[in-house]
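Colleague: have a look at this prediction, sequence included:
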Amino acid sequence: MSAPTTIDHRSTTGYSLPLAYWLARASDLAYKDEATIESEARSWGFDQVHHHETRFTPPFPLEDTQAYTAASESMIITAFRGTEPQQIRDWLSDAMTPPRPGPAATGYVHYGFAEALESIFPDVRDTLAELRTNGQTVWFTGHSLGGALAMLAGARMYLEEPRLQADGVYTYGQPRTCDRTLAAAYNKGFKNRMYRFVNNNDIVAQLPPEPAYTHVESLRYIDSGGRVHESMGLLGNLTDRAKGMTADVFAPASDGVRDHSIKRYIAAIEQNMS
């Protein structure tokens with residue numbers, strides 16, 4: 001099976017590599033300017049595109065939060081934009097970042113993620129309510145910071161706006177986002193609907209530090225050879241991560257940044273469909 005040339009708008013819940021491929025591309029598209037997003041989304045069969053953006057003032061660590069929602073008669077995708085590896089790594093390495101109560105007072109989430117999502121969540125929610133007129137499936141996706149926002153948006157819809165809850169959430173290089181209480185509620189509510197892709201030594205997926213923050217389940221691990229695994233034992237994971245770090249003997253520490261690239265996620269998923 002090769003990479004699909006068009007996205008299947010009739011995608012249903014459950015795991016699908018072709019859907020993972022297209023949502024990774026949708027996550028990559030979130031980094032582009034509005035005109036490019038609209039042109040590309042329409043070429044994929046989405047006739048309606050809404051942009052969501054809020055700008056922040058110092059000392060908030062981000063300049064803005066951006067996302068877009070693309071809708072057709074059968075499918076709606078909301079893709080959240082990520083940020084540069086160095087920027088998010090410096091931010092997430094700050095273990096002193098205070099947590100904030102999670103959706104519907106369930107557990108806690110990273111303060112910065114919560115604030116970033118809150119700035120555009122009302123617009124995302126209202127847009128979904130406006131566009132979901134034909135029982136379309138709804139998908140949240142994002143890379144890096146965008147993955148954290150996609151996961152949290154899914155949690156907020158599930159716990160606060162269940163009529164608008166997503167049919168699935170696919171993230172790429174997502175950082176740890178919440179505490180164990182919210183993760184447990186999310187794992188229960190999104191069983192067979194959440195898929196968190198991590199590429200080998202991706203540095204962002206290793207932050208913020210445990211135990212304050214944790215990951216949700218449904219990992220899809222991409223090994224150093226580009227193969228996607230639905231499960232990976234601890235020993236096998238450690239061995240493979242070590243193998244990835246030796247790929248560049250002159251700059252082993254740079255592997256974590258290279259592995260974070262959304263282009264690498266797209267290429268790996270495409271490789272697994274060949």
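Modeller: All right, it came through fine. Numbering: from 1, shown residues only.
Colleague: residue 109 against residue 175, yeah?
Modeller: No: Residue 109 is beyond contact range of residue 175, at 11.4 Å (criterion: Cβ atoms under 8 Å). (Each C-beta comes from the backbone N, C-alpha and C, glycine too.)
Colleague: OK, contacts around residue 70?
Modeller: 26, 41, 44, 46, 48-49, 76-77, 79 (Cβ atoms under 8 Å, 6 or more residues apart in numbering).
Colleague: give me the three-state assignment for it.
Modeller: strand (DSSP: H, G, I helix; E, B strand; the rest coil).
Colleague: is it bridged to anything, and to what?
Modeller: Under the criterion DSSP bridges, residue 70 forms beta bridges with residue 49, residue 77.
Colleague: same question, residue 196
Modeller: residue 171, residue 219.
Colleague: that one contacts residue 147, correct?
Modeller: Yes: if you go by Cβ under 8 Å, residue 196 and residue 147 touch, sitting 7.5 Å apart.
Colleague: any shared contact partners between those two?
Modeller: 171, 174.
Colleague: can you give me how far the helix or strand hosting residue 79 is from the chain middle?
Modeller: Secondary structure assigned from DSSP states H and E places residue 79 in strand 75-80. Per Cα atoms, centre = their mean, to the nearest Å, the displacement of strand 75-80 from the mean C-alpha position of its chain is 11 Å.
Colleague: from the contact counts, what lies against it?
Modeller: Secondary-structure packing of strand 75-80 (3 or more Cβ pairs under 8 Å, 6 or more residues apart in numbering; DSSP states H and E): helix 17-29, strand 64-71, helix 121-131, strand 137-143, helix 145-160.
Colleague: now tabulate the ones you listed in a markdown table and tack on distance to residue 257 and mean pLDDT.
Modeller: Shown next, in a markdown table, are the helices and strands packed on strand 75-80 (distance: least, Cβ to Cβ, whole Å; pLDDT from 0 to 100):
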| stretch | distance to residue 257 | mean pLDDT |
| --- | --- | --- |
| helix 17-29 | 17 | 97 |
| strand 64-71 | 22 | 93 |
| helix 121-131 | 29 | 96 |
| strand 137-143 | 14 | 97 |
| helix 145-160 | 15 | 95 |
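Colleague: understood, closing this out.
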